[in-house]
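**Q** Below: sequence and its predicted model.
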Amino acid sequence: MKFTQKTTKIKNSSYLKRSFVTTKDLFYFTSKIIFFEYNIEKEKGKKRLNSQKIDNQLNLALDSTEQEREKSLDLNIGFDPQNGRWDLIVKYSGDLTPIEQGLGAKITYLMNGYAIVNIEENKIDALSNITQVEFIEKPRGLVWEQYQELVDSCITPVRREPYELSGRGVLIAVIDSGIDYTHPEFRNRDG
């Protein structure tokens with residue numbers, strides 16, 4: 001693009017030190033304004049900034065829609081949709097009292113600088129900006145039975161038809177030396 005040296009007078013411009021600018025100058029200022037407006041429009045679509053202190057799984061859950069979270073097995077773990085609050089595991093140093101007062105969070109202190117923080121979803125980014133907070137993660141789902149272990153133990157065939165055995169109602173005891181198996185704690189009412 002070729003610029004001409006045509007000059008244009010800008011009235012009442014406190015931004016510019018001189019009263020005359022070239023077309024090249026106008027193009028430069030206009031392009032900067034357009035770029036600035038473009039970035040603002042681009043940022044409007046973003047939900048939130050991802051903090052380095054927030055676990056990736058929690059970032060994913062926060063960036064997902066409610067419908068996406070409901071379809072997932074573990075994105076909604078730790079979230080109470082009725083009141084819009086999360087139970088989060090927080091690694092911290094120092095005092096978390098300002099978090100309780102300032103953000104309206106409920107804190108259950110654990111050991112070694114860990115706490116469970118119950119906080120509204122829209123305040124999680126503010127929580128991550130607090131100096132005392134080192135890391136934030138969401139709870140993980142636990143699986144009580146592992147399929148591969150069942151296969152390795154040859155349990156899966158007896159769980160299917162015709163047997164359909166589950167192990168419900170079965171008591172197992174391991175008797176080792178030094179254990180008094182006649183102790184009342186090891187006996188049912190029926191003996």
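**A** In hand now; what should we look at?

**Q** Tell me how many other residues surround Ala126.
**A** 14 (other C-beta atoms under 10 Å). Quick note: C-beta positions are derived from backbone N, CA and C, even for glycine.

**Q** swap in the one 10 residues further on?
**A** A count of nearby residues for Ile136, using other C-beta under 10 Å, gives 22.

**Q** Buried residues in whatever helix or strand it lives in, which are they?
**A** Counting by DSSP states H and E, the element that carries Ile136 is strand 133-137. Neighbour-count burial for strand 133-137, counted by 16 or more other C-beta atoms under 10 Å, picks out Val133, Phe135, Ile136, Glu137.

**Q** neighbouring contacts of whichever helix or strand comes after that strand?
**A** Using DSSP H and E, the helix or strand that follows strand 133-137 in sequence is helix 147-152. Identification of contacts with helix 147-152 by C-beta atoms under 8 Å, 6 or more residues apart in numbering yields Thr156, Arg159.

**Q** how much distance is there from helix 147-152 to the middle of the chain?
**A** 31 Å (C-alpha atoms, centre = their mean, to the nearest Å).

**Q** Name the next helix or strand downstream of it, please.
**A** Assigned by DSSP H and E, the successor of helix 147-152 is helix 156-159.

**Q** Contacts for that next one next, please.
**A** Leu150, Tyr163, Leu165, Ser166.

**Q** Quick one: those as CSV, columns for distance to Glu66, neighbour count and pLDDT too.
**A** Listed next are the contacts of helix 156-159 as CSV, based on distance: C-beta to C-beta, whole Å; neighbours: other C-beta atoms under 10 Å; pLDDT from 0 to 100:
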residue, distance to Glu66, neighbour count, pLDDT
Leu150, 34, 13, 75
Tyr163, 42, 9, 79
Leu165, 40, 11, 80
Ser166, 35, 10, 77
